[in-house]
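1. no FASTA, just this:
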DNA sequence: GTTAGCACTCTCGGCTTGAGAGTGCTAAGT
DNA sequence: ACTTAGCACTCTCAAGCCGAGAGTGCTAAC
């Protein structure tokens, strides 16, 4: 397999990939000549195609079908042949505007970002909440509930707001809860789960110790289903690769939260700022052989890292998807700074 | 159409419905006799079936197929022929145990309830958050964020905890925010959106007025997508009625949040405590002609009302679904009391 | 009122067939 | 040595056909 392609071969590969991404039909030598005004004949194209196939860039579904890019073909295309379709200032403004409309805090931003991204690339988009290794408590508050319970609300320095209903043996008024919150905040605000747990063990009052232990749990809690925002299922199912019922059902199964989580764990880009493209079996998930993943991490100075990704068939508009994933990831990076 | 069925006709109808629900195949006179040891011949069954068909209880996909229940047949079955499959104490314990494992507050309960219900009936389950007409603020809190913003956290008396990032011109320390929160709570805690808005207009300090206006918005905010918890998509798509790609895609489309919302609005049961069954076109949604909905409202003394529903093909195990929807609805009713 | 018997209808899977799409190869042209 | 016209060959796909099988409706007898 010669690693180098002639100029003409590269151009043919580029056109095959583009054409196939657009139409989803195997592309024939004739359609290539007709649609792109090539100055050579179909026979020449066929000869070149035969070479490309020998070298593993494209393949044949069956004898008398056109050519389809292989994983290697897509990879070559993504790395060398394609030019990115930039997110225009106009589109950037629209997206940022939509995000700023919503002032509800991190979760709403992440969810909306997934929706916007999905709509923009026509595939499934996933945005995970930044996983903070050493999250700290910013502030806690107790709110009196009817009956024998109290609502604990904890705000973390990674933007999470978590709550929990706690039983309360000795009834108290809101005012007393406020005082208790101020007292406890003085001890545990700004600290991580471990330090808070330690503080709990040193408290004389059993009820307060229970509250503080609960805070520690909330600080370190990472619940995946609630930490992942996914959208675009319907759009991806409309792609022709899922035109049969069993393929479609299979896709729906693969996109269940816990599977997507596993996939993203494997596919995680190494560093913030890099956008990775994993084509076909490159991501190593047996169930999603014909899927590609475009993934980018985002994070802040404090080292908490989240993921923005698009999942779709290998026949995906990489030109469009890659810059959009990258853009949304940087946007998310800015947003998490703002809720620190 | 004689409205009354003979005992034998009713029994045959009952068996046809049961058999069809179980197998999804049109049921023939022979299968009925064979499987249920009837003492009459297949010919007799056929005669009776012809009567049932005349009366509109069952129908014929084509000449040489067995019988399939019509909407009327299902209705008769649900109202008169079927006996409910109660939620056994064992199952109740399991469900309640799962719910009590999770202490995160209302949203997690609702979401988990949808998951449990979906798994238990093998169809799509939807649980909406109780829509409170006149929600009141229970407590608000301000948390200092890095930079020029502050996080407003509001706890409502219907169990919602909402947050919003607010810009903050004059930087301040957490202690000052606490004092401000105490001051503002004294004025607005326990009040509804209108009263809070009024209070905002009377405040001298512009920054405080902005905070209070934001609180008012949070108090009355009802955001549907975040207010609906849906699960069981995959299970329902495995039903044979969605065995072709276009039907499956159509189902996925119909189950998008905003459509489900419309459907539930139309299908809303009148009173808390009643479980309604809407079969086929009875729910009036053109796009979901072959779907049934089992729906039950739940609420608390204060009049906030939420919905628990199961959506699935008309060929649904009503015996099982109805009591489970009812049970989960009452459970939700208790839970919302507990976070008041 | 019930039932055996039978003709009739309809579906479904398998098979065949012909059209169409594309290729690979050969041989001739530049 | 590269390009290309021409053509045989392969494979898919839709349409049509066929026969088996399932079920019914009807008739006539019990």
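-> Nice, thanks for sending it over. No experiment lies behind these values; they were computed from the predicted model shown.
2. Flag every buried residue along the longest helix seen in chain A.
-> Assignment by DSSP state H gives helix A:318-338 as the longest helix of chain A. Using 16 or more other CB atoms under 10 Å in any protein chain shown as the test for burial, helix A:318-338 gives A:318-329, A:331-333, A:335-336, A:338. All C-beta spots, glycine's among them, are computed from the backbone N, C-alpha and C.
3. Kindly report the same for stretch A:66-86.
-> A:66-78, A:81-82.
4. Quickly find the element holding the closest residue to residue A:77 other than its chain neighbours.
-> Residue nearest to residue A:77 in three dimensions, not counting chain neighbours: residue A:17, with 4.4 Å by CB to CB, 6 or more residues apart in numbering or on different chains. Per DSSP states H and E, residue A:17 falls inside helix A:7-23.
5. so that helix versus helix A:318-338, what angle?
-> Relative orientation of helix A:7-23 versus helix A:318-338 (axes from the mean of the first three to the mean of the last three CA atoms, to 10 degrees): 70 degrees.
6. any residues touching helix A:7-23, and which ones?
-> Counting contacts by CB atoms under 8 Å, 6 or more residues apart in numbering or on different chains, the residues outside helix A:7-23 that touch it are A:5, A:26-27, A:31-32, A:35-36, A:45, A:48-49, A:51-52, A:57-58, A:67-69, A:73-74, A:76-77, A:80-82, A:315-318.
7. Ends of stretch A:188-208, what's the gap?
-> Distance across stretch A:188-208, first residue to last, is 12 Å (CA to CA, to the nearest Å).
8. which residues touch that stretch?
-> Contact with stretch A:188-208 is made by A:134-140, A:157, A:168-170, A:180, A:184, A:187, A:209, A:212-213, A:215-217, A:219-220, B:174, as judged by CB under 8 Å, 6+ apart.
9. gap between whichever strand or helix holds residue A:296 and the chain center?
-> Residue A:296 belongs to strand A:291-299 when assigned by DSSP H and E. With CA atoms, centre = their mean, to the nearest Å as the basis, strand A:291-299 stands 6 Å off its chain's centre.
10. which element follows the helix or strand where residue A:140 lies toward the C-terminus?
-> For residue A:140, the element it lies in under DSSP H and E is strand A:137-144. Downstream of strand A:137-144, the next assigned helix or strand under DSSP H and E is strand A:149-156.
11. Neighbouring strands of that next one in the sheet, and parallel or not?
-> Partner strands and pairing direction for strand A:149-156 (DSSP bridges) are strand A:137-144 (antiparallel), strand A:161-167 (antiparallel).
12. lowest-pLDDT helix or strand in chain A?
-> Ranked by mean pLDDT, DSSP states H and E, the weakest helix or strand in chain A is helix A:224-227, scoring a mean of 66.
13. Touching, residue A:318 and residue A:81? I think so.
-> No. The pair residue A:318 / residue A:81 is not scored as a contact, 10.2 Å apart, by CB atoms under 8 Å.
14. rewinding a little: what does the pLDDT read for the residue nearest to residue A:77?
-> Per-residue pLDDT puts residue A:17 at 97.
15. Next, the contact list for the nearest residue to residue A:177 once chain neighbours are set aside, please.
-> In space, and not counting its chain neighbours, residue A:177 is closest to residue A:142: 3.9 Å by CB to CB, 6+ apart. Residues in contact with residue A:142, defined by CB under 8 Å, 6+ apart, are A:150, A:151, A:152, A:153, A:177, A:178, A:180, A:181, A:211.
16. and the helix or strand containing residue A:46, how far out from the chain's middle?
-> Using DSSP H and E, the element containing residue A:46 is helix A:42-54. Taking CA atoms, centre = their mean, one finds helix A:42-54 lying 38 Å from the centre of the chain it belongs to.
17. That helix and DNA strand C, any residue contact?
-> Yes. Using CB under 7 Å from any atom of the strand, a contact is recorded between helix A:42-54 and DNA strand C, made by A:42, A:43, A:46, A:49, A:50, A:53.
18. Tally up the residues packed near the fifth one, please.
-> To tie it back to what came earlier, the one meant is residue A:50. Using other CB atoms under 10 Å in any protein chain shown, residue A:50 has 13 other residues around it.
19. Quick check: the gap between it and residue B:196.
-> Distance check for residue A:50 against residue B:196: by CB to CB, to the nearest Å, it reads 75 Å.
20. got it, and the first one?
-> Distance of residue A:42 to residue B:196, computed by CB to CB: 74 Å.
21. now swap in residue A:27 and tell me
-> Distance, residue A:27 to residue B:196, using CB to CB: 63 Å.
22. what about the two, which has more around it?
-> residue B:196 (27 against 24).
23. Give me the pLDDT value at that one.
-> Confidence at residue B:196, expressed as pLDDT, is 96.
24. Correct me if wrong, but it is in a helix.
-> Yes. Counting by DSSP: H, G, I helix; E, B strand; the rest coil, residue B:196 is located in a helix.
25. from the stretch 101-250 of chain A, which residue is nearest to DNA strand C?
-> Per CB to the nearest atom of the strand, residue A:245 is where the stretch 101-250 of chain A lies closest to DNA strand C, at 13.5 Å.
26. Do I have it right that that residue meets residue B:241?
-> No. Assessed by CB under 8 Å, residue A:245 is found out of contact with residue B:241, at 11.1 Å.
27. Give the residues shared as contacts by these two.
-> Residues touching both residue A:245 and residue B:241 (CB under 8 Å, 6+ apart) are residue B:247.
28. For chain A, which residues are neighbours of DNA strand C?
-> Counting by CB under 7 Å from any atom of the strand, the residues of chain A that sit close to DNA strand C are A:25-31, A:42-43, A:46, A:49-50, A:53, A:60, A:63-67.
29. Quick check on these: which are buried?
-> With neighbours counted by 16+ other CB under 10 Å, the residues of chain A next to DNA strand C contain buried members at A:26, A:27, A:28, A:29, A:31, A:42, A:49, A:66, A:67.
30. measure the closest residue to the third one other than its chain neighbours to residue A:16 for me?
-> In space, and not counting its chain neighbours, residue A:28 is closest to residue A:66: 3.9 Å by CB to CB, 6+ apart. Residue A:66 sits at a distance of 8 Å from residue A:16 (criterion: CB to CB).
31. hey, what's in contact with both of the two?
-> Residues touching both residue A:66 and residue A:16 (CB under 8 Å, 6+ apart): residue A:27.
32. State the pLDDT value of residue A:228.
-> Looking at residue A:228, its pLDDT reads 89.
33. Give me the number of neighbouring residues for it.
-> There are 21 residues near residue A:228, going by other CB under 10 Å.
34. Give the full set of residues in contact with the closest residue to residue A:83 other than its chain neighbours.
-> Distances taken as CB to CB, 6+ apart place residue A:319 nearest to residue A:83, at 6.7 Å, with adjacent residues excluded. Residues counted as contacts of residue A:319 (CB under 8 Å, 6+ apart) are A:82, A:83, A:84, A:85.
35. can you redo those residues as JSON lines with secondary structure?
-> What follows is the contacts of residue A:319, written out as JSON lines (three-state DSSP):
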{"residue": "A:82", "secondary structure": "coil"}
{"residue": "A:83", "secondary structure": "coil"}
{"residue": "A:84", "secondary structure": "coil"}
{"residue": "A:85", "secondary structure": "coil"}
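36. Go ahead and confirm residue A:102 touches residue A:109.
-> Yes. Residue A:102 lies in contact with residue A:109 (CB under 8 Å); the separation is 6.5 Å.
37. more neighbours, those two?
-> The neighbour comparison of residue A:102 against residue A:109 (other CB under 10 Å) goes to residue A:109, with 25 against 15.
38. that's a helix at residue A:61, yeah?
-> No. Residue A:61: not assigned to a helix; according to three-state DSSP it is coil.
39. doesn't residue A:53 make contact with it?
-> No. Look at residue A:61 against residue A:53 with CB under 8 Å: they stay out of range, at 11.8 Å.
40. Report all helices and strands that the helix or strand hosting residue A:120 contacts.
-> Using DSSP H and E, residue A:120 sits within helix A:106-121. Contacts defined by 3 or more CB pairs under 8 Å, 6 or more residues apart in numbering or on different chains; DSSP states H and E place helix A:106-121 against helix A:89-101, strand A:124-128, strand A:228-231, strand A:305-313, helix A:318-338.
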